[in-house]
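Asker: coords please:
(3 chains)
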Amino acid sequence: MTALLADLLSLPLFIGGVFLGISGAVGVIRLPDFYTRLHAAGVTDTLSAGMILTAMMIQAGFTLVTVKLLLILIFLWYTSPVASHALARAAVHTGVPLPPQTDDERGQGDASSSN
Amino acid sequence: MLYFLLLFSALGAFWLLLSGHWHNQLLLALGAASALLAAWVGVRMERRDTGAYSLGMLLRLPRYLAWLVAAIVRANIDVVNRIWYPDTHPIHPVAGRLPSSQGTDLGKTIYANSITLTPGTVAIEIGDDDVFVHALTREGFDELAAGEMDRRVTWAEGGRR
Amino acid sequence: MFAAAAIGILVVMGLALVRAFLGPTVCDRILAVNMLGTKTVLLIAVLGFLGGRPDFLDIAIAYALINFIGVIAVLKFVERIGDSRSSPRPEDF
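Answerer: Numbering: from 1, shown residues only, chains lettered A, B, ... in the order given. Model (predicted):
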């Protein structure tokens, strides 16, 4: 009974997590420039990982395994913004062109070069 | 000293949870020794901003984190829409400086990390009282510029010192 | 269910590898590799469940930390190279 309930709860989380992961990966492939790809990668790092790990936590129940999964989640959510920030900084320093600043006219942002 | 004790107990609890050894006395002693060593190294490394940690902040953080998770879910849905339906949800990236009102380095770090953790906005540079932000859309940038996240982080931090 | 999740994660990793091959800048490649590392952590955890061996979670934790430190180290290196050329700095914007 509880196993069935756990399956029912974790199945949509797995599906949602994998869907978000694929969405993020598709975004990383088809968005036009580096900084926009960074946002797409953020989707896979935050909610996708969170949903898959939560689904596994539900499957594991109240054990030490759940604590470890929670720790993995905390690590990922703590390290992923730092890595994104470092990536963006390195991109600025290596000269990847930034989009127009806020005082400029809107709507010319996606004119930046893709390959 | 208080910081050292807090760090030591946190590391000890961390060790216990990860190892799962509750009974073997030799292993427990080794775990305590490694926690002690790590806490000592940590205190030596982190002289600067240890005063920023406070009990009130620890109590206020969960409420902020709950709000942050809700914000992350909303931002994720928005970015996924923009990935799958580029025609109806176009992207127009912008970058610019935004003011930040946190008093401590810890608060600034929390704010910048929160910005980056919500998909659609990334903090690139952190200054003394501003953040250089890149956003996937104009709306995302304007929402951040409205300052709700900034206010909430400052509230969780405990206001300007 | 775990097998399906593992296959889904593998698909995501494959798509990330496409970006790592396409480039075009070195930062794009590091972004893809970082994403690959995050997905590897999830894959190790899912495989641990699939095989009924929760010990895999310790490996996943260690992998998460090593992946993070590795990405930061490579980025420091790239940033140093970028600085040595005459490239615009964020202060100029």
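Asker: Any residue of stretch C:8-16 touching chain A?
Answerer: Yes: with Cβ under 8 Å from any Cβ of the partner chain as the criterion, chain A is reached by stretch C:8-16 at C:8-9, C:11-12, C:15-16. Quick note: C-beta positions are derived from backbone N, CA and C, even for glycine.
Asker: give me the low-pLDDT residue ranges for the chain?
Answerer: Since no chain was named, I'll use chain A. Counting by pLDDT under 70, chain A shows low-confidence ranges at A:1, A:102-115.
Asker: think we crossed wires, I meant chain C
Answerer: Within chain C, the stretches falling below the threshold (pLDDT under 70) are C:82-93.
Asker: how about the helices in it?
Answerer: Counting by DSSP state H, chain C has helices at residues C:2-22, C:26-50, C:56-84.
Asker: circling back to that earlier point, tell me the one among the residues of stretch C:8-16 next to chain A nearest to A:T94.
Answerer: For these, the closest approach to A:T94 (Cβ to Cβ) belongs to C:A16, at 20.7 Å.
Asker: Buried ones only from the residues of stretch C:8-16 next to chain A, please, as a ChimeraX command.
Answerer: Under the burial definition 16 or more other Cβ atoms under 10 Å in any protein chain shown, those of the residues of stretch C:8-16 next to chain A that qualify are selected in ChimeraX by:
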select /C:8,9,12,15,16
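Asker: Can you pull the phi and psi angles for B:D130?
Answerer: Torsion angles at B:D130 (phi, psi; degrees, to the nearest 10) stand at phi -150, psi 160.
Asker: how close does it sit to chain A?
Answerer: Per Cβ to the nearest Cβ, to the nearest Å, B:D130 is found 12 Å from chain A.
Asker: Just list whatever residues bridge to the closest residue to that residue other than its chain neighbours.
Answerer: Across the structure, with Cβ to Cβ, 6 or more residues apart in numbering or on different chains as the measure, the residue nearest B:D130 apart from its sequence neighbours is B:R97 (4.8 Å). Applying DSSP bridges to B:R97 yields these beta-bridge partners: B:F132.
Asker: For B:R97, the count of nearby residues, please.
Answerer: One way to gauge burial is a neighbour count; for B:R97, by other Cβ atoms under 10 Å in any protein chain shown, it gives 17.
Asker: Let me see the contact set for it.
Answerer: Going by Cβ atoms under 8 Å, 6 or more residues apart in numbering or on different chains, B:R97 touches B:127, B:130-133.
Asker: okay if I get the residues you listed as a markdown table plus neighbour count and pLDDT?
Answerer: Listed next are the contacts of B:R97 as a markdown table, based on neighbours: other Cβ atoms under 10 Å in any protein chain shown; pLDDT from 0 to 100:
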| residue | neighbour count | pLDDT |
| --- | --- | --- |
| B:G127 | 13 | 81 |
| B:D130 | 13 | 82 |
| B:V131 | 23 | 85 |
| B:F132 | 22 | 86 |
| B:V133 | 25 | 86 |
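Asker: Which single one of these is nearest to B:I91?
Answerer: Scanning these for proximity to B:I91, where the rule is Cβ to Cβ, the winner is B:V133, at 15.5 Å.
Asker: Could you verify my assumption that that closest one touches B:I124?
Answerer: Yes: in terms of Cβ atoms under 8 Å, B:V133 counts as a neighbour of B:I124; the distance is 7.0 Å.
Asker: List the residues that are in contact with both of these two.
Answerer: Common neighbours of B:V133 and B:I124 (Cβ under 8 Å, 6+ apart) are B:A95.
Asker: now B:A135, nearest residue through space, not along the chain?
Answerer: What sits nearest to B:A135 in space, not counting adjacent residues and going by Cβ to Cβ, 6+ apart, is B:F141, at 3.8 Å.
Asker: any idea which helix or strand carries that neighbour?
Answerer: If you go by DSSP states H and E, B:F141 is part of helix B:138-145.
Asker: helices or strands next to that helix in the packing?
Answerer: Applying 3 or more Cβ pairs under 8 Å, 6 or more residues apart in numbering or on different chains; DSSP states H and E, one finds that helix B:138-145 makes contact with strand B:94-99, strand B:121-126, strand B:130-135.
Asker: at 6 Å what do you get?
Answerer: Contact partners of helix B:138-145 among helices and strands, from 3 or more Cβ pairs under 6 Å, 6 or more residues apart in numbering or on different chains; DSSP states H and E: strand B:94-99.
Asker: and whichever helix or strand comes after the strand it packs on with chain A, contact?
Answerer: On the C-terminal side of strand B:94-99, the closest following helix or strand by DSSP H and E is helix B:105-117. Yes: contact between helix B:105-117 and chain A, assessed by Cβ under 6 Å from any Cβ of the partner chain, occurs at B:113, B:116-117.
Asker: Pull out the buried positions in the lengthiest helix in chain B.
Answerer: With residue count as the measure and DSSP H as the assignment, chain B has helix B:55-84 as its longest helix. Under the neighbour-count criterion of 16+ other Cβ under 10 Å, helix B:55-84 has B:57, B:60, B:64, B:68, B:71-72, B:75-76, B:78-80, B:82-83 buried.
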